[in-house]
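>>> Build me a model from this:
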Amino acid sequence: MKTIIATAILLHWLTNSATAQLQANMYWNPVTVNGRPVDYGAFSIHTQGVMAMVEGDLRSANHKQVPFRVSIRRNGKIVRQWPSGNAKDHYSLQLQTLMPFVRFGDELVVEPVGPDGQWGVQVIRVAIMNWINWFTKDGC
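Coordinates of the predicted model:
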């Protein structure tokens, strides 16, 4: 019985610590389209707008954009990347520049760069169409 209680207390402490750390570093989802967090389930080849990556709580004035790179990964291989070559890193990217190269089932790998981008890579699987967004013309 003591082991169960100790395990429950430890699990509660770990969960709260991890959640607090995540919220301190970034909004739950650091990738945004048109200033709103990306809905990974609704992102499709028809999504339009400006992609950005933020650090900090998106709901507060303390968040900031961080530079990032976007790669298209198809069948486990990178087929295209922005920025390419020695170009400077993006703080925002028009989705219309990369969507002509994206196919159903591709993954967009959004990777923060520089000293501000220590918290990790985000992977967005591209769906063929999201019917809810199609009818609402939301695009996110």
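>>> Only the buried residues of stretch 40-56, if you could.
Neighbour-count burial for stretch 40-56, counted by 16 or more other Cβ atoms under 10 Å, picks out 43-47, 49, 51-56. (Glycine included, C-beta is placed from N, CA and C.)
>>> where does Leu98 fall, helix, sheet strand or coil?
Look at Leu98: counting by DSSP: H, G, I helix; E, B strand; the rest coil, its state is helix.
>>> doesn't Arg69 make contact with it?
No: using Cβ atoms under 8 Å, Leu98 makes no contact with Arg69, being 11.4 Å away.
>>> who's more crowded, these two?
Arg69 (20 against 17; other Cβ atoms under 10 Å).
>>> and the strand or helix carrying that one, what does it pack onto?
Here Arg69, judged by DSSP states H and E, is contained in strand 68-74. Contacting strand 68-74 under the criterion 3 or more Cβ pairs under 8 Å, 6 or more residues apart in numbering; DSSP states H and E are the following elements: strand 50-55, strand 77-82, strand 107-112.
>>> Looking at those strands, spot the one closest to His90.
Proximity to His90 (Cβ to Cβ) singles out strand 77-82 among those, at 6.4 Å.
>>> List the buried residues in the helix or strand following that closest one.
Per DSSP H and E, the first helix or strand lying C-terminal to strand 77-82 is strand 92-94. Buried positions in strand 92-94, judged by neighbour count with 16+ other Cβ under 10 Å: Leu93.
>>> Parallel or antiparallel, list what pairs with strand 92-94.
Sheet pairing here is set by DSSP bridges, and for strand 92-94 it gives strand 50-55 (antiparallel).
>>> what inclination does the partner strand have with respect to strand 68-74?
120 degrees (axes from the mean of the first three to the mean of the last three Cα atoms, to 10 degrees).
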